[in-house]
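1. I would like to see how this sequence folds:
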Amino acid sequence: MQNFMYYVPTKIHFGTDQLGYLSELKESGSKVLLVYGGGSIKRSGLYDAAMKVLVEAGLEIFECAGVEPNPRIQTVRRGVEICKENKIDMVLAIGGGSTIDCAKVIAAGAVYEGNAWDLVINPPLIKAALPIYSVLTLSATGSEMDAFAVISDLTKNEKWGTASDCMKPKMSILDPTLTYTVSKKQTAAGTADMMSHTFENYFNFVEGSEMQAGFAESILRCAVKYGPIALEDPTNYDARASLMWCASFAINGTLNAGCAAAWCVHPMEHELSAFYDITHGEGLAILTPVWMEYILSEKTAPRIAQFGRNVMNVTEKDDMAAAKEAIAALKTFFFETMGLPANLRAVGIVEKDNFEVMAQKAANGCVGSYVPLSKEDIVEIFNRAF
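-> Predicted coordinates:
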C-alpha cells in the first residue's frame, strides 16, 4: 500500500429536517454569499426555508444565482466580484455538485488577487479560501465532502478539474428528502457519476488494498440496488439516503487512500462536456463500458472479473470470461435498467470532427492511469462510443 495523508474535515448533518443547522454559519462571520442554480430551490420552497434560518441567525445574505449544469468561469468571476465588493465572510451553496463546485472556486477566488481561471488550470495557486458550506440537493458528484471542483470555459472548449484541501466544505447538510424531486434523468446520471468515481479508484494495481476495494464494491452494490428503486419510487427514503451517502464516500478520499492512480474516464468525459455541453453522468455511462472493453487484457481481467463477481453476480470462474460478462452486465444496468443513453449520438454528438483535439487534451490528464492511454487510444475509444 502507498503512503497517504487522509483529511476529511467536513461536518455532516445527515437526515430529515436538518436545515436548522444553517445557523452554524454564524461561526464564520456575518456576511454569506448564497450560491444556487436555475431556480428549482425556489419552486420547491427550499430557498425560503433556508433564508428563514439564515435571517434568524442574524446573517446578511448576498446572492449569486444561475449556476449552470457545467459551471462556467464567468459565473465564478461574478461571485468573486460580489465577495470582494461586499467583504463576504463565507460561501453557502444550495444545490447539486455543479453549484457546490462553483461555490468552491468562488471561495478561493475571493482571497486571490489574480484571475479565478488561474486557480482552475493551476491548482497549486490555491492557498486559501473563504469557509464553504453546502446544502445538497442531488446525489452524484460528492462535492459536499471533497476537495474538488470542475469548471468550464466554453468559449475555449475547456473543462478542467481543480482541487485543494482548503476547498473542502466546513459543513454540509445532507437531507435525502431534498432529492425526492430530482428527475429520472438526473437520478440515473447521478448514479452513473458516483459509480464512475468508484471505478476510477477501484481499478488499480496496488497490492495490499483489499479494504479499499471491498469498500468500493459495497458502494457499487448499493448503487446497483438503489438506483433503480429511486427511479421507480422517487420518494423511497432508504434508496435516496443510500445513494446520497454512497456519492459522498465514492470521492472523499477513502477509496483511494494508499492506492491512488490517475483517473482516465473522467478526463475523456470532460472533453465531451467542454465541446458539447452534455450531462456529465450520461457521458461517463457511455464511456465507461467502452473503456473497460478497450483495456481488457490478461493483466486487467482479474480486477474486472472481481467487480463482476462481487457486484454484478457473475458466477463464471474464468477471469477473462467473467470480465466480459461483467462488462455486458454493466451495459445492461446503465442502458436498460437505468435508461441512460448508450452512445454519443444519443446525446446529440453527430460528428467526429473534434475527436483528435479532444483526445490530445484528455491524454494529458490521463498520465499515470490504470492502463496508460495515448491520444490514439482515446480517439479509438471515442469512435467506439460514437
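
2. now do the same contact list for the residue lying closest to T141 once chain neighbours are set aside.
-> Nearest residue to T141 in three dimensions, chain neighbours excluded: G97, at 2.7 Å (C-beta to C-beta, 6 or more residues apart in numbering). Bear in mind the C-beta positions are built from the backbone N, C-alpha and C, glycine included. G97 makes contact with 138, 140-144, 193 under the criterion C-beta atoms under 8 Å, 6 or more residues apart in numbering.

3. top of the residues you listed by neighbour count?
-> The most neighbours of any of the contacts of G97, using other C-beta atoms under 10 Å, belong to S143, which has 33 neighbours.

4. is it true that that one touches I132?
-> No - applying C-beta atoms under 8 Å, one finds S143 not in contact with I132, separated by 9.7 Å.

5. overlap of the contact sets of the two?
-> Looking at what touches both S143 and I132 (by C-beta under 8 Å, 6+ apart), the common residues are 100, 104, 169.

6. so what's the last one up against?
-> What that stands for is P169. 10, 100, 104, 132-134, 143-145.

7. ditto for the first one
-> With contacts defined as C-beta under 8 Å, 6+ apart, the neighbours of I100 are 93, 132, 134, 136, 141, 143-144, 149, 169.

8. one more time with 10 Å
-> Residues in contact with I100, defined by C-beta atoms under 10 Å, 6 or more residues apart in numbering, are 35, 67, 71, 91-94, 132-138, 141-146, 148-149, 167, 169, 172.

9. relative to L174, how far out is W245?
-> Using C-beta to C-beta, to the nearest Å, one gets 8 Å for the distance from W245 to L174.

10. what do you get for A223?
-> Relative to L174, A223 is positioned 16 Å away (C-beta to C-beta).

11. tell me the pLDDT at the most centrally placed residue in the chain?
-> Central residue of the chain (C-alpha atoms, centre = their mean): T141, 2.3 Å from the mean position. T141 is assigned a predicted lDDT (pLDDT) of 95.

12. list the contacts for it?
-> 96-98, 100-101, 148-150, 190, 193-194, 197, 247-248, 250-251, 280-281.

13. switch to 8 Å and redo it
-> Listed by C-beta under 8 Å, 6+ apart, the contact set of T141 reads 96-98, 100-101, 190, 193-194, 197, 247, 251, 280.

14. over to F203?
-> 261, 300, 303-304, 370.

15. sitting in strands, which of the contacts of I100 do you find?
-> 35, 91-94, 132-136, 148-149, 172 (DSSP state E).

16. of those, closest to Q18?
-> Checking the ones in strands among the contacts of I100 against Q18 with C-beta to C-beta, the nearest one is V135 at 8.4 Å.

17. look at that closest one and say how many residues are nearby.
-> 28.

18. where exactly do the helices run in this structure?
-> For the chain, the helices defined by DSSP state H cover 40-43, 46-56, 73-86, 97-109, 116-121, 184-202, 210-232, 237-249, 265-276, 280-295, 301-311, 319-331, 355-365, 375-385.

19. on that earlier part again, show me which of the ones in strands among the contacts of I100 are buried.
-> Neighbour counting over the ones in strands among the contacts of I100 (16 or more other C-beta atoms under 10 Å) leaves 35, 91-94, 132-136, 148-149, 172 as the buried ones.

20. buried sites along stretch 103-123?
-> 103-110, 112, 116-117, 119-120, 123.

21. about what we covered before: just the closest of the contacts of P169 to I349, please.
-> The closest of the contacts of P169 to I349 turns out to be S143 (C-beta to C-beta; 25.7 Å).
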